[in-house]
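Visitor: Provide a 3D model corresponding to the input given below.
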Amino acid sequence: MKNEKTRTEEFSLNGEDLVSTVKELVRQGNIRRITIQNKDGKNLLEISLTLGVVGALLLPTLAALGALAALVTECTIVVERIDDTTKAS
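Guide: Residues are numbered from 1 along each chain as shown. Predicted structure coming up:
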């Protein structure tokens, strides 16, 4: 039986590193959701990732992320990761 658990991680970074960091997180492939918050903790952008969201489908989101990165000096990325574990029954 497959048991999906999630864990949350937070990264604080400069706006100029935002796009490259998100691209790297998406490349890792075990991400369920990415939330971008400003320095006051307000959600600016939430990206829900599923198995089908890759390549060209992600381009409009990355363009919006690039525009957002130009506006913020510091931000926090909240990453919800999927931890897949298999339980033997």
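Visitor: where does stretch 35-52 sit relative to the chain's centre, distance-wise?
Guide: Distance of stretch 35-52 from the chain centroid (C-alpha atoms, centre = their mean, to the nearest Å) equals 7 Å.
Visitor: now do that stretch: everything it contacts.
Guide: 18, 22, 26, 31-34, 61, 64-65, 68, 72-78, 80 (C-beta atoms under 8 Å, 6 or more residues apart in numbering). In short, each C-beta sits where N, CA and C put it, glycine included.
Visitor: go through that stretch and flag the buried ones.
Guide: 35-38, 45, 47, 49 (16 or more other C-beta atoms under 10 Å).
Visitor: mind checking the SS state of Leu62?
Guide: Of the three states, Leu62 takes helix under DSSP: H, G, I helix; E, B strand; the rest coil.
Visitor: redo the buried residues of stretch 35-52 as TSV? Include pLDDT.
Guide: Shown next, in TSV, are the buried residues of stretch 35-52 (pLDDT from 0 to 100):
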residue	pLDDT
Thr35	93
Ile36	92
Gln37	93
Asn38	90
Leu45	88
Ile47	85
Leu49	78
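Visitor: inside strands: which ones of the residues you listed?
Guide: Mapping the buried residues of stretch 35-52 onto strands (DSSP state E) picks out 35-38, 45, 47.
Visitor: which among the contacts of stretch 35-52 count as buried?
Guide: With neighbours counted by 16+ other C-beta under 10 Å, these contain buried members at 18, 22, 26, 31, 33-34, 61, 65, 68, 72, 75-78, 80.
Visitor: for those, which one is nearest Thr6?
Guide: Glu80 (5.3 Å; C-beta to C-beta).
Visitor: and the pLDDT for the closest one?
Guide: The score at Glu80 is 92. That number is its pLDDT.
Visitor: pop out the phi and psi values for Arg81.
Guide: phi -100, psi 150 (degrees, to the nearest 10).
Visitor: next up, the contacts around it.
Guide: Neighbouring residues of Arg81 by C-beta under 8 Å, 6+ apart: 6-9, 30-32.
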